[in-house]
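>>> coordinates only, sequence not included:
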């Protein structure tokens with residue numbers, strides 16, 4: 001399988017010369033692709049027309065989909081990845097005109113209205129007056145998402161084996177008690193460590209790992225029951241309940257979107 005690595009520079013936040021306040025970019029990824037850790041002088045809104053991709057800032061991992069984008073402030077070091085066939089979209093926002101929107105990375109709802117506005121800005125023949133009005137509307141309707149697909153990766157030596165195993169195989173059936181026995185500690189020790197490092201419990205963290213993996217499979221067209229089995233649920237109904245708690249949507253509704 002062909003894999004591609006793209007290397008981009010780390011640039012500080014600052015004004016750059018661009019033809020518009022909001023400039024669009026679009027590419028269908030031909031091969032599984034990773035981007036090194038880099039940063040832009042401008043703000044960036046990452047989203048997808050098709051498929052799912054990831055963006056990583058430190059120990060935080062976001063999943064980007066057609067319905068859920070990610071606001072990346074200028075100067076923020078981040079890396080990323082996308083599988084072959086993903087139709088990646090991004091919009092670059094001129095630094096200086098939009099510095100007060102979101103100071104940190106945050107998930108953004110790609111609503112039908114926002115999508116239409118961004119599509120309109122892709123028209124290079126748009127008059128300057130219409131473009132200014134449309135850009136102002138984009139800035140007005142950008143809304144943080146209450147269900148961003150964000151995973152805080154634990155980094156301690158204690159939890160790293162669990163994190164690595166679940167990231168490699170989200171269907172790994174080992175329980176909290178199993179991991180405690182394997183690592184030679186008490187379940188309470190693992191519970192405290194997960195809360196301290198990720199801000200959530202062992203069970204909720206596993207649910208988030210599985211939801212991120214499930215999103216990638218659903219956007220590739222996998223059937224819900226097959227995805228449920230792949231990410232470790234005994235039934236499609238149990239998977240559906242867990243997926244909805246994490247994303248706010250049923251797997252079927254998400255797949256349809």
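Thanks, I have it. These figures come from a predicted structure and were not determined experimentally.
>>> Check whether residue 249 sits in a helix, strand or coil.
Put simply, residue 249 is coil when judged by DSSP: H, G, I helix; E, B strand; the rest coil.
>>> Would you check that it makes contact with residue 243?
Yes: under the criterion of CB atoms under 8 Å, residue 249 makes contact with residue 243 at 7.5 Å. Where C-beta positions appear, they are placed from N, C-alpha and C, glycine not excepted.
>>> out of those two, which sits in the busier spot?
The neighbour count for residue 249 versus residue 243, taken as other CB atoms under 10 Å, is higher for residue 243 (28 against 19).
>>> so how far is residue 120 from the closest residue to residue 132 other than its chain neighbours?
Distances taken as CB to CB, 6 or more residues apart in numbering place residue 21 nearest to residue 132, at 7.9 Å, with adjacent residues excluded. The gap separating residue 21 from residue 120 is 13 Å, by CB to CB, to the nearest Å.
>>> So these two - more neighbours on which side?
Ranked by neighbour count (other CB under 10 Å), residue 21 and residue 120 place residue 21 first, with 20 against 16.
>>> And that one, what's its pLDDT?
pLDDT, residue 21: 80.
>>> check contacts around residue 238.
Residue 238 makes contacts with residue 228, as judged by CB atoms under 8 Å, 6 or more residues apart in numbering.
>>> so it, which of the three states?
helix.
>>> Distance check, it against residue 179.
Applying CB to CB to residue 238 and residue 179 gives a distance of 21 Å.
>>> returning to that earlier point: go ahead and confirm the residue nearest to residue 132 touches residue 136.
No: with contact defined as CB under 8 Å, residue 21 and residue 136 do not form a contacting pair (9.0 Å).
>>> Which pLDDT value goes with the nearest residue to residue 59 once chain neighbours are set aside?
Using CB to CB, 6+ apart and skipping residues adjacent in sequence, the residue nearest residue 59 is residue 153, 4.5 Å away. We note a pLDDT of 92 for residue 153 in this prediction.
>>> where's residue 214 relative to residue 171, distance?
10 Å.
>>> Overlap of the contact sets of those two?
230, 231.
>>> So for stretch 215-225, what gets flagged as buried?
215, 216, 217, 218, 219, 222, 224 (16 or more other CB atoms under 10 Å).
>>> which other residues reach that stretch?
48, 50-52, 63, 65-66, 83, 85, 149, 226-227, 230-231, 236, 239-240, 247, 251-252, 254-255.
>>> Isn't residue 27 up against residue 88?
Yes: in terms of CB under 8 Å, residue 27 counts as a neighbour of residue 88; the distance is 5.4 Å.
>>> Neighbour count for those two, which is higher?
More crowded of residue 27 and residue 88, by other CB under 10 Å: residue 88, with 20 against 13.
>>> Quick check: what element follows the strand or helix carrying the more buried one along the chain?
In this assignment (DSSP states H and E), residue 88 forms part of strand 87-93. Using DSSP H and E, the next helix or strand after strand 87-93 towards the C-terminus is strand 106-109.
>>> Which elements pack onto the very next helix or strand once past that next one?
Under the assignment DSSP H and E, the closest C-terminal helix or strand after strand 106-109 is helix 112-121. Applying 3 or more CB pairs under 8 Å, 6 or more residues apart in numbering; DSSP states H and E, we find helix 112-121 packed against strand 22-28, strand 87-93, helix 128-141.
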